[in-house]
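**Q** Return atomic coordinates for the entry below.
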Amino acid sequence: MAVALVLSGLVAAYWAGSQAAALATSQQDVTAVIPVSATVERRAVAQQVTLAGMVVAGNTSPVTASLADGTDRLILTSTPKAVGDFVEPGELLAVVSGHPLLVMPASVPLYRDIIPGDSGPDVRALQAALAGLGLAVKTNGTFDQQTQQALKTWYGNAGFPAPVPPASAPTESTNMAGAKAAPAAMVRWRDFVQVPGDAGRIASLAGTGAVLAEDGVVAQISVSDDTIVARADVLQAESFAVGTSVTVRAGALAVTTTVTAVGGFTEGDSSRNIIPGMDITASIPPGTTGLAPQQSVTVTSGNAPAETLAVPLLAIRQEMGVAYVQVAGEAGPHRVDVTVTAQADGWAAIDNVEGLDVGVKVMLP
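**A** Sure thing, here's the model as predicted:
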């Protein structure tokens, strides 16, 4: 009886093992014949690099007022300008303690008051500046009647009379016939301010009625534009050469611009989460709104790629230097030669070719 039970157990074990082996063999056979494929898609395939960046404020220059004789305090009386406005030579920037602040070209050296009869390189530069404002004047280096009249016109256009020389200086001019001409005028250097580069945008401005601090700062003028700066590592920097088109994004805002500078390699700062690499600087197109200093942005190299036919990179095969794919068909796979135009993120972009279209299945190895 015991022998019979043993034999029965051996037979059962043998049968179970045979069935398991057969099932495993069957599964292997099924796996071997199941084809692996993917479908042709239409998508944008391009290797783009995205960096984290920030809006960096441009350089600013202070515009200051000076106490005139008989003035105790500097108070911003009024101004026709506002933050964001441009300023350039010839314009009235503000009125401080009743005196105008006119924007004089930076080429004029302002170091003294100028009265009738004075001469020198500063007078010649003043005459050139007045002529540049469209006023009739000769650049002879002498503060003559014609120059004084041009100065009066400038003051008059701003709504102010030109200052007159002190009592000890000549107060009127005489023509060749000996007749009295118009009252004389003088240059009071405290009535003028200058901006580096002669033009800029008002970044900040004291409020009307404000008592200015001891430094007399009326406004801060941006003399260079805000920029976008992003840090790239050495490999990433290869995608951001000067002149490269980039897309700057901040929330829903997307602006296309160009790289204007690539800095040299600098060490990082792990405590501030700054990686070692190179600073990529991009310009902000004129008229762009929605970007403010210290605002975080992203900078992506290249324009958004167009959509093309695309297949998984694994589907691309090669023979004798010719790329091709195996297309699934009822009669079995067949070869279709292709031209690969780009590859990124596991996909290959291919030119249009007969026999391939969206939805067609291609074989994977």
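**Q** and the next element down the chain from the longest strand anywhere in the chain?
**A** The longest strand of the chain (DSSP state E) is strand 253-262. Later in the chain than strand 253-262, the nearest helix or strand by DSSP states H and E is strand 278-283.
**Q** Within its sheet, name the partner strands of the following helix or strand past that next one and how each one runs.
**A** Scanning forward in sequence from strand 278-283 by DSSP H and E, the next helix or strand is strand 296-301. Paired with strand 296-301 in the same sheet, following DSSP bridges, are strand 50-56 (antiparallel), strand 245-250 (antiparallel).
**Q** where in the stretch 1-150 of the chain is pLDDT low?
**A** 1-35 (pLDDT under 70).
**Q** how about the strands paired with strand 296-301, which one is nearest Ala237?
**A** Between Ala237 and the strands paired with strand 296-301, the tightest spacing by C-beta to C-beta is seen for strand 50-56, at 9.5 Å. (Each C-beta comes from the backbone N, C-alpha and C, glycine too.)
**Q** got a list of contacts for the next helix or strand after the closest one?
**A** The element immediately downstream of strand 50-56 (helix or strand, assigned by DSSP H and E) is strand 60-64. Here strand 60-64 makes contact (C-beta atoms under 8 Å, 6 or more residues apart in numbering) with 93, 101, 193, 195-196, 200, 203, 215-223.
**Q** swap the cut-off to 7 Å and go again
**A** Contact with strand 60-64 is made by 93, 193, 195-196, 203, 215-223, as judged by C-beta atoms under 7 Å, 6 or more residues apart in numbering.
**Q** now the strands for the stretch 1-150 of the chain?
**A** Assigned by DSSP state E, counting those that start in this stretch, the strands in the stretch 1-150 of the chain fall at 37-39, 41-44, 50-56, 60-64, 76-78, 86-87, 92-96, 99-103.
**Q** Could I get the buried residue list for the second one?
**A** Buried positions in strand 41-44, judged by neighbour count with 16 or more other C-beta atoms under 10 Å: Glu41.
**Q** Can I get the strands paired with strand 296-301 in CSV including mean neighbour count and distance to Pro286?
**A** Output for the strands paired with strand 296-301, formatted as CSV (neighbours: other C-beta atoms under 10 Å; distance: least, C-beta to C-beta, whole Å):
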stretch, mean neighbour count, distance to Pro286
strand 50-56, 18, 15
strand 245-250, 19, 14
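**Q** Mind putting those strands into a markdown table with distance to Ala342?
**A** Below are the strands paired with strand 296-301 laid out as a markdown table (distance: least, C-beta to C-beta, whole Å):
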| stretch | distance to Ala342 |
| --- | --- |
| strand 50-56 | 17 |
| strand 245-250 | 16 |
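**Q** ok so, going back, filter the contacts of strand 60-64 to the buried ones?
**A** With burial judged by 16+ other C-beta under 10 Å, the buried subset of the contacts of strand 60-64 is 93, 193, 195, 203, 217-223.
**Q** So Thr258 versus Val242, what's the distance?
**A** Distance, Thr258 to Val242, by C-beta to C-beta, to the nearest Å: 8 Å.
**Q** which neighbours do the two share?
**A** By C-beta under 7 Å, 6+ apart, Thr258 and Val242 have no common neighbours.
**Q** all helices for the chain, in order.
**A** 2-33, 121-132, 145-157, 234-237 (DSSP state H).
**Q** Name all residues that make contact with Ile280.
**A** Neighbouring residues of Ile280 by C-beta under 7 Å, 6+ apart: 51, 230, 232, 237, 240, 259, 262, 299.
**Q** how does it look with 10 Å?
**A** Contact analysis of Ile280 by C-beta atoms under 10 Å, 6 or more residues apart in numbering lists 51, 53, 228-232, 236-237, 239-242, 244, 246, 259-263, 299, 301.
**Q** what's the answer for Pro161, then?
**A** 152, 155, 183, 185.
**Q** swap in Leu126?
**A** By C-beta under 10 Å, 6+ apart, the contact set of Leu126 is 104-105, 107-110, 114, 118, 120, 137, 139, 141, 143, 147, 150-151, 187, 192.
**Q** which one of the strands of the stretch 1-150 of the chain lies closest to Gln295?
**A** Across the strands of the stretch 1-150 of the chain, closest to Gln295 is strand 50-56 (C-beta to C-beta), at 4.5 Å.
**Q** what does that closest one rub up against?
**A** Contacts to strand 50-56, defined as C-beta under 10 Å, 6+ apart, come from residues 226-233, 236-237, 239-240, 246-250, 273, 275, 277, 279-282, 284, 291-301.
**Q** and those, which are buried?
**A** For the contacts of strand 50-56, buried by 16+ other C-beta under 10 Å: 226-232, 236-237, 239-240, 246-248, 250, 277, 279-282, 284, 291, 295, 297-301.
**Q** State the mean pLDDT of stretch 280-296.
**A** For stretch 280-296, the mean pLDDT works out to 92.
**Q** Dump it to CSV, restricted to CA.
**A** The C-alpha coordinates for stretch 280-296 follow below in CSV (Å, rounded to 0.1, in the frame of the first residue of the first chain):
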residue,chain,number,x,y,z
ILE,A,280,23.9,84.6,-20.1
THR,A,281,22.6,88.1,-20.7
ALA,A,282,19.6,88.8,-23.0
SER,A,283,17.9,92.1,-23.9
ILE,A,284,14.4,93.0,-23.1
PRO,A,285,12.6,94.2,-26.3
PRO,A,286,11.5,97.9,-26.2
GLY,A,287,7.9,98.3,-25.1
THR,A,288,7.8,95.0,-23.2
THR,A,289,5.5,95.2,-20.2
GLY,A,290,5.1,92.7,-17.3
LEU,A,291,8.8,92.4,-16.4
ALA,A,292,10.2,94.1,-13.4
PRO,A,293,13.6,94.0,-11.7
GLN,A,294,14.2,91.0,-9.5
GLN,A,295,11.4,89.1,-11.2
SER,A,296,12.2,85.4,-11.8
